[in-house]
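J.: Got a sequence here, can you model it:
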Amino acid sequence: MLVYTATKQKFIEDVRANTIADVIENEVARKLNRNSPRSELLAWENSLRFMMSALLDEEIPASAGVAIEYNIPLTNRRVDFILTGKNHQRDDTAVIVELKQWQSVEVTMKDAIVRTQLGGSIRETNHPSYQAWSYAALIEDYNETVRSESIRLVPCAYLHNMKKADAINDPFYEQHTDRAPVFISPDALKLSKFLSRHIKFGDSNHIMYRIEHGVIKPSKNLADALASMMQGNAEFLMIDEQKLVYETALDLANKARAKEKQCLIVKGGPGTGKSVVAINLLVELTNREMMTQYVSRNSAPREVFKKRLTGTRKKTHIDNLFKGSGSYVDAEPDTFHALIVDEAHRLNEKSGMYQNLGESQIKEVIRASRFTVFFIDEAQRVTLKDVGTIAEIKRRASECGAEVQELELASQFRCNGSDGYLAWLDHALQIRTTANTDLNDVDYDFQVFDNPSALRREILGKNRKANKARMVAGYCWPWASKKDKQAMDIVFADLGFEAQWNFDDDGMLWAIADDSVEQVGCIHTCQGLEFDYVGVIIGDDFVIRDGRAVTDASKRAGQDRSVHGYKKLLKEEPDHARAQADQIIKNTYRTLMTRGQKGCYLYATDAETREYFANFISPHQQDSQVPEKEDIAITELTGLDLPVVTREEAGLLEQYVPVYDLSIAAGQFSEMQIAEADYWAELPDYMRVSPDLFISRVVGESMNRRIPNGSWCLFRANPGGTRQGKIVVVQHRSIEDPDHGGSYTVKQYHSEKVEAYGELVNQRIVLRPLTNAFGYKDIVLEEEQEDLVVIGEFLTVL
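T.: The predicted structure follows:
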């Protein structure tokens, strides 16, 4: 999604008119459904004025494209500024500019990390060159159109308030500044030259439109990429907070070798990249010859990871890398250099089958290692025995004499990168109050079904492509098939639906088993894992009554260990028991409904609950369809107030002339190209029709004294006679139209002749704009005049 697009010319006009911030604010409100704080508006006004100054260089064509706030696919990261056009070799090019308000930075000893003033305090953050490069790399990685159509991405950074470059260009960061140069305030002219070097010609190929609407390749799955990652391959590019967490963890691991114990707490919601960073740390620390293990309370992700690594290394080595959280009851202090605890919110108080061993899993892990990193999301605590909280980790770290740091991951890679969906989900499940009260403008496939069989058909269809779609449910039905393989567990007889819980034979590998799409998983078999699409069945433990969420732990199956001990607690502390169970049930459905990277399909056993969730989906989302060709034609011909028919319908009708898009004229323009136009328009009766007439739209301000921007005009093809002083459409391979960047242009024709060998010949041809707008100049052709083609003569605005 783009917040703003225009030509360089229009962008400059918007900035000079002091309207650019208002335009962006309105588009943010319309497209992103949020209000812009005053600080953000001031930042736009400030930064975009500096960018306007950089673009005043006449070497940068007026028809270059400007895009502001581009959303990178599958993430919630946005690119500040993009300039599009063609380079000297006429390759389609997009220059990515990361804009910063910073006034100073400090060098750190962490790769690609600097220290600067952020939010009222000095904090560590990504070097802007790394940030710009990583954004360009993400776009190229996710967008197949960028790769297949060879669109060049050129990253850079502009710190327009910074006066000194010593720190930001410190040799320590040379690897990153070489890939994405950084410009500061005194470098304004250097930035202009950099931009003009990469954007020599305008954007005649709608580059940003193609990028925005490009084919997005399937998102990567951590389990599938694991074997390659363990070999040291960078399967997942770490951006923003992920990079900061990774580098901080490496730094603390080194400190812990010689100094005090170190503990790092990393907060992050679904899909923020916790597990990706954890696995990257496991690989790097192991390569640095530090004894390191990946720890999780959930066995499902561990077993899936082990399965994916089978055949790549010895089983004993694999088993030593991935451990359960109860493995450190008897571990000697400081046995390990580093322990990486994923899904730390699932840690229990005690270990063992009967939960009777040890004192505290958190304390045992910290005691066993010089450095421990906990990846945690307290909103994913889904059993009454989960004790993994930030407060508890801090308390136990203090007991072990460990220094504690906290960081937070915010970059979103789950749910198509839509943190809007996650915020809406918290609102819908009534976990917390958020501003996201609907699904408008949320790029995520959320659907509500009235029949579980229909939901299953959709999941089966989505699964055929890559075996990455599954059904899950709240644990509200007994697991009868555990003892009787023929028994059905979840049955809706009146709706013709029956299904079994995940097979015991698959164990914790249900998420990747070949035929497991036929079964229904629960929280214990999918937490910590991800699919492309997830189908969620909400049971009677969560219902909506008069708009209020009502939870009931007694509706859970007796075999569900998540609420084990609830009845006893209910007798002893009823209010506390209900509050705890309410949180567990809501967290469970939040976790289930965020397992799908691309979509979540929902069925609730309760009709009022189904209606509640369905009402969040706008009619536009429910009825969205691909437009028919006729609809597209109507959009393409907007503003042409004449009857329009197709070429076949026009037939031999005398009063119809072709509507031709000049931008598709390639090579030598011909009357045949006009005759093959898709659409034909009926001229008024008072106009005399002839075979050499055609209609086209004139875009831009270069002729606004005669032709308003966007006007539909009538032309005569291949006119004879003198052209001097006439407005004509011409085509030449060296022409760079200032409005659209194409090799054709509409201008007033002037030729300057000299006498040679007894006759007058053109010395040069001048194509003049007729405009009161800024930035337009004559197009002068002195050589290769024989290649100039006069396509048509302007007759009138329709």
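
J.: And stretch 158-175, what's buried?
T.: With burial defined by 16 or more other Cβ atoms under 10 Å, the residues of stretch 158-175 counted as buried are 158, 159, 160, 162, 165, 167, 168, 170, 172, 173. No exception for glycine: its C-beta is placed from N, CA and C like everyone else's.

J.: Other residues contacting it?
T.: 46-47, 50-51, 54, 97-107, 109, 112, 114, 127-130, 177, 182-188, 191 (Cβ atoms under 8 Å, 6 or more residues apart in numbering).

J.: What about those residues, which are in strands?
T.: 97, 98, 99, 100, 106, 107, 114, 182, 183, 184 (DSSP state E).

J.: Looking at those, spot the one nearest residue 454.
T.: Closest approach between the ones in strands among the contacts of stretch 158-175 and residue 454, by Cβ to Cβ: residue 98, at 45.4 Å.

J.: So that closest one sits against residue 135, correct?
T.: Yes - counting by Cβ atoms under 8 Å, residue 135 is a contact partner of residue 98 at 7.1 Å.

J.: Just checking: what are the partner strands of the host helix or strand of residue 446?
T.: According to DSSP states H and E, residue 446 maps onto strand 445-448. Using DSSP bridges, the strands paired with strand 445-448 are strand 596-604 (parallel).

J.: just how off-centre is the partner strand within its chain?
T.: Averaging C-alpha positions (Cα atoms, centre = their mean, to the nearest Å) puts strand 596-604 19 Å from its chain's average.

J.: State the next helix or strand along the chain beyond that strand.
T.: Following strand 596-604 toward the C-terminus (DSSP H and E): helix 607-614.

J.: what's next to that next one, contact-wise?
T.: For helix 607-614, the external contacting residues (Cβ under 8 Å, 6+ apart) are 428, 448-450, 538, 542-545, 547, 602-604.

J.: Also stretch 772-788?
T.: By Cβ under 8 Å, 6+ apart, the residues outside stretch 772-788 that reach it are 9, 12-13, 16, 58, 62, 701-702, 704-705, 730-736, 738, 745, 747, 762-769.

J.: Could you turn the buried ones of the residues you listed into a PyMOL selection?
T.: To isolate the buried members of those in PyMOL, using 16+ other Cβ under 10 Å:
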select buried, resi 9+12+13+62+701+702+704+730+731+732+735+736+738+745+747+765+767+768+769
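
J.: now, which of the contacts of stretch 772-788 lie within strands?
T.: Short answer: the contacts of stretch 772-788 in strands (DSSP E) are 730, 731, 745, 747, 762, 763, 764, 765, 766, 767, 768.

J.: In CSV: those residues, plus distance to residue 470 and pLDDT.
T.: Output for the ones in strands among the contacts of stretch 772-788, formatted as CSV (distance: Cβ to Cβ, whole Å; pLDDT from 0 to 100):
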residue, distance to residue 470, pLDDT
730, 60, 86
731, 56, 81
745, 56, 85
747, 61, 91
762, 72, 71
763, 74, 75
764, 70, 83
765, 67, 87
766, 67, 89
767, 62, 88
768, 65, 90
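
J.: now, among the residues you listed, which is nearest to residue 387?
T.: Distance ranking of the ones in strands among the contacts of stretch 772-788 against residue 387, using Cβ to Cβ, places residue 745 first at 70.9 Å.

J.: pretty sure that closest one is touching residue 703, no?
T.: No - contact criterion Cβ under 8 Å: residue 745 and residue 703 do not qualify, at 9.4 Å.

J.: Next up, the contacts around residue 489.
T.: Per Cβ under 8 Å, 6+ apart, neighbours of residue 489: 477, 478, 479, 480, 481, 499, 500, 501, 520.

J.: separation between the second one and residue 128?
T.: Computed with Cβ to Cβ, to the nearest Å, the distance linking residue 478 and residue 128 is 56 Å.

J.: Same check on the first one?
T.: With distances defined as Cβ to Cβ, the gap from residue 477 to residue 128 amounts to 53 Å.

J.: And these two? Which one has more around it.
T.: It is residue 128, of residue 477 and residue 128, that has more neighbours when counted by other Cβ atoms under 10 Å, with 30 against 24.

J.: before we move on, what SS does the residue nearest to that one when sequence neighbours are not counted have?
T.: With sequence-adjacent residues excluded and distances taken as Cβ to Cβ, 6 or more residues apart in numbering, residue 128 is closest to residue 157, at 3.6 Å. Three-state assignment for residue 157 (DSSP: H, G, I helix; E, B strand; the rest coil): strand.

J.: Contact partners for residue 157?
T.: By Cβ under 8 Å, 6+ apart, the residues touching residue 157 are 97, 98, 99, 100, 128, 129, 131, 132, 180, 181, 182, 183.

J.: Nearest to residue 274 among those residues?
T.: Using Cβ to Cβ, residue 131 comes nearest to residue 274 of the contacts of residue 157, at 20.3 Å.

J.: What score does the closest one have for pLDDT?
T.: Note on residue 131: pLDDT of 96.

J.: Assess the claim that it and residue 96 are in contact.
T.: No - the criterion here is Cβ under 8 Å, and residue 131 misses it with residue 96 at 9.8 Å.

J.: sorry, back to before: so for the helix or strand that the strand holding residue 446 is followed by, what gets flagged as buried?
T.: Using DSSP H and E, the helix or strand that follows strand 445-448 in sequence is helix 452-466. Using 16+ other Cβ under 10 Å as the test for burial, helix 452-466 gives 452, 455, 456, 458, 459, 462, 463.

J.: For the closest residue to the third one other than its chain neighbours, give the beta-bridge partners.
T.: Among residues not flanking residue 456 along the chain, residue 471 sits closest, at 6.4 Å (Cβ to Cβ, 6+ apart). The residues paired with residue 471 through beta bridges, assigned by DSSP bridges, are residue 520, residue 535.

J.: got the contact list for residue 471?
T.: With contact set as Cβ under 8 Å, 6+ apart, residue 471 has these partners: 455, 456, 459, 499, 517, 519, 520, 521, 534, 535, 536, 537.

J.: Which one of the residues you listed is nearest to residue 79?
T.: Residue 79 lies nearest to residue 534 out of the contacts of residue 471, by Cβ to Cβ, at 29.4 Å.

J.: how many neighbours does the closest one have?
T.: Counted with other Cβ under 10 Å, residue 534 comes out at 26.

J.: Spatially nearest residue to it, not counting backbone neighbours?
T.: Excluding its sequence neighbours, the residue lying closest to residue 534 (Cβ to Cβ, 6+ apart) is residue 596, at 3.7 Å.

J.: just residue 532 next, same as before
T.: Distances taken as Cβ to Cβ, 6+ apart put residue 468 closest to residue 532, at 4.1 Å, once the chain neighbours are dropped.

J.: How many residues are close by the one you found?
T.: Neighbourhood size, residue 468 [other Cβ under 10 Å]: 23.

J.: That one reaches residue 531, doesn't it?
T.: Yes - with contact defined as Cβ under 8 Å, residue 468 reaches residue 531; the gap is 5.0 Å.

J.: in this structure, which helix or strand is least confident?
T.: helix 629-636 (a mean of 44; mean pLDDT, DSSP states H and E).

J.: which element follows it toward the C-terminus?
T.: strand 644-646.

J.: and the residue nearest to residue 332 when sequence neighbours are not counted, backbone torsions?
T.: Closest residue in space to residue 332, ignoring its immediate chain neighbours: residue 368 at 7.4 Å, by Cβ to Cβ, 6+ apart. Torsion angles at residue 368 (phi, psi; degrees, to the nearest 10) stand at phi -80, psi -10.
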